[in-house]
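Participant: Next comes the sequence, and after it the predicted model I'd like to discuss.
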Amino acid sequence: MSSSLHPKRWSLRVRLIVEQVVLISIVCAGIGVVTVFALRDFQVHRLDEQLYEVSGRVAPPLPGMRINPLDRPGFGPGTLVVFFRGSGVDGARIRPGGGDPEDLPSGDVDALAAVPTDAVPRSVDLGRELGDYRVLAVKTPDGSVVTGLPLAEVNSAVLRMGFIVGGVALAGVVAVSVAGALIIRKTLRPLERVAATAGRVAELPLHRGEVALAERVPAVDTDPDTEVGQVGLALNRMLDHVGDALAARHSSETRVRQFVADASHELRTPLAAIRGYAELTRRRGGDVPAEVAHAVRRVESEAVRMTSLVEDLLLLARLDAGRPLAREPVDLSRVVVDCVSDARIAGPDHDWKLDLPPEPVVVVGDEHKLRQVLVNLLSNARVHTPAGTTVTTTLRVGGGDGLLEVADDGPGVPAGLAVFERFSRGDTSRSRAAGGTGLGLSIVAAVVAAHRGEVGLVRRSGRTAFTVRLPG
């Protein structure tokens, strides 16, 4: 059975309608069966009364007489009378509808001979020609007499009643189903409105930025005396709590971002001074001991690394704050060529490949930021893969957008690693030739998002591909 046809996957409306139809059908079927059986019992009882009357009017002929009571008038069509004397039959007649009495076939006589002579009406099947009969056998001084009346009219009346009851029940089920569907649809509208409110809330970007959570269930659907109203009230209370939590989170994130931006900005000046004094001391290396010169070189190196970290943090803080980017045509093909050329010089132990379309790919955005995206992707491939790894940069146009892919055949990204989260780092399965801040790919994601683009990762053993879609 298809999963969509399974009752557990039906909507509440469909389940209510189906259950209603099934219940009404069972009730109608029960009423119909009881009605038909009651009618049959009533008709059979009336026929039995007639049978007793006919049996009382039947008198056995005198010995030696061959006149059957049916030869006299006053008996209805289909009445049969059979006399048994000793071990033989002494007269077996039946009055057909509207005709004179006739002899009863011997086969039917044999069936009647087996009827007990206890004066209790019984039903007997006399074959295809005569059908069902209600018969009564009573004892006589010299044998027994069997009287019978046909059940044809009773069966016909019961059959007609069955068709009538079935037709009325079917019409009733259809009418109740249609009316029930309309009633259920109207009854479930408040629940649909509550679900629509929840659906609109689910579409809001609650995971980023300031969210104006103004959606609420209408007051008409928050009546505490109804089940749907209770759900609506509970949903509104939950939305109030979520709105307060989102506001508190946004306020906290805003303070953190402002702190990071201020701290990063303030750190740039002392770091520049440290680098300047370290470089000055290094240039005068002949005037200082070798150990001091080495220490100064390390100070300068770490100052450069810290400056890069501060610049990355400042860039992320500005992107988080929604600082507008430059909006100008950017020849992405030229940017890719430049960045891959720089990467080839920085990582000569890797195999760098380039796949470009014949025509330039132009997008609208900030060239400096887009260049940083590609630099970070290429640096990530160089730093986290061993020597000899092939890194292929592919640029295409699809649907009017620029499609960029940086793929390598290195060890691959560890499963479960959120590579675009800030300060996220892989494990030793991706060898590291140099240190990193863990902000490179988060900057890629932030810059691409600021350009209203999309960034993704396709990872499997033997291949890692970062994909970027930028609006044209």
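Facilitator: Yep, it's here.
Participant: for G86, what are its contacts?
Facilitator: Residues in contact with G86, defined by Cβ atoms under 8 Å, 6 or more residues apart in numbering, are D142, G143. To be clear about C-beta, it is placed using only N, CA and C from the backbone, and glycine gets the same treatment.
Participant: can you tell me the helix or strand for the residue nearest to D338 when sequence neighbours are not counted?
Facilitator: What sits nearest to D338 in space, not counting adjacent residues and going by Cβ to Cβ, 6 or more residues apart in numbering, is R371, at 7.5 Å. Per DSSP states H and E, R371 falls inside helix 367-383.
Participant: Now find how far off-centre that helix is within its chain.
Facilitator: Mean C-alpha position of helix 367-383 versus that of the full chain (Cα atoms, centre = their mean, to the nearest Å) differs by 41 Å.
Participant: what mean pLDDT would you report for that helix?
Facilitator: Model confidence over helix 367-383, given as mean pLDDT, is 89.
Participant: Point out the other elements, helices or strands, that that helix touches.
Facilitator: In this structure, helix 367-383 makes packing contacts with strand 328-331, helix 332-346, strand 390-398, strand 401-408, helix 440-450, strand 463-470, judged by 3 or more Cβ pairs under 8 Å, 6 or more residues apart in numbering; DSSP states H and E.
Participant: Report the contact partners of the residue nearest to D338.
Facilitator: R371 neighbours (Cβ under 8 Å, 6+ apart): V335, D338, C339.
Participant: so how far is K186 from L378?
Facilitator: 62 Å (Cβ to Cβ, to the nearest Å).
Participant: Point out where the stretch 1-150 of the chain drops to low pLDDT.
Facilitator: Across the stretch 1-150 of the chain, the ranges flagged by pLDDT under 70 are 1-8, 59-74, 87, 97-100.
Participant: ok, back up a step: now the buried members of the contacts of R371.
Facilitator: Restricting these to buried positions leaves V335, C339, with burial counted as 16 or more other Cβ atoms under 10 Å.
Participant: nearest to Q43, of the contacts of R371?
Facilitator: Of all these, V335 has the smallest distance to Q43: 97.1 Å, by Cβ to Cβ.
Participant: so what's that closest one closest to, chain neighbours aside?
Facilitator: Sequence neighbours aside, R371 is the residue nearest to V335 in space, at 5.3 Å (criterion: Cβ to Cβ, 6+ apart).
Participant: Kindly provide the distance from that neighbour to P289.
Facilitator: 42 Å.
Participant: ok, now L170?
Facilitator: With distances taken as Cβ to Cβ, L170 is found 108 Å from P289.
Participant: who's more crowded, those two?
Facilitator: Set side by side, L170 and P289 show more neighbours around L170, with 13 against 9, by other Cβ atoms under 10 Å.
Participant: Can you say which helix or strand has the more buried one in it?
Facilitator: Here L170 sits within helix 152-202, counting by DSSP H and E.
Participant: what's the angle from the helix or strand that that helix is followed by to helix 152-202?
Facilitator: Downstream of helix 152-202, the first helix or strand assigned by DSSP H and E is helix 227-283. Using axes from the mean of the first three to the mean of the last three Cα atoms, to 10 degrees, the inter-axis angle of helix 227-283 relative to helix 152-202 is 30 degrees.
Participant: And the helix holding L170, what does it pack against?
Facilitator: Here helix 152-202 touches helix 12-57, strand 132-140, helix 227-283, going by 3+ Cβ pairs under 8 Å, 6+ apart.
Participant: angle of that helix against helix 12-57?
Facilitator: Counting by the same axes, to 10 degrees, helix 152-202 lies at 170 degrees to helix 12-57.
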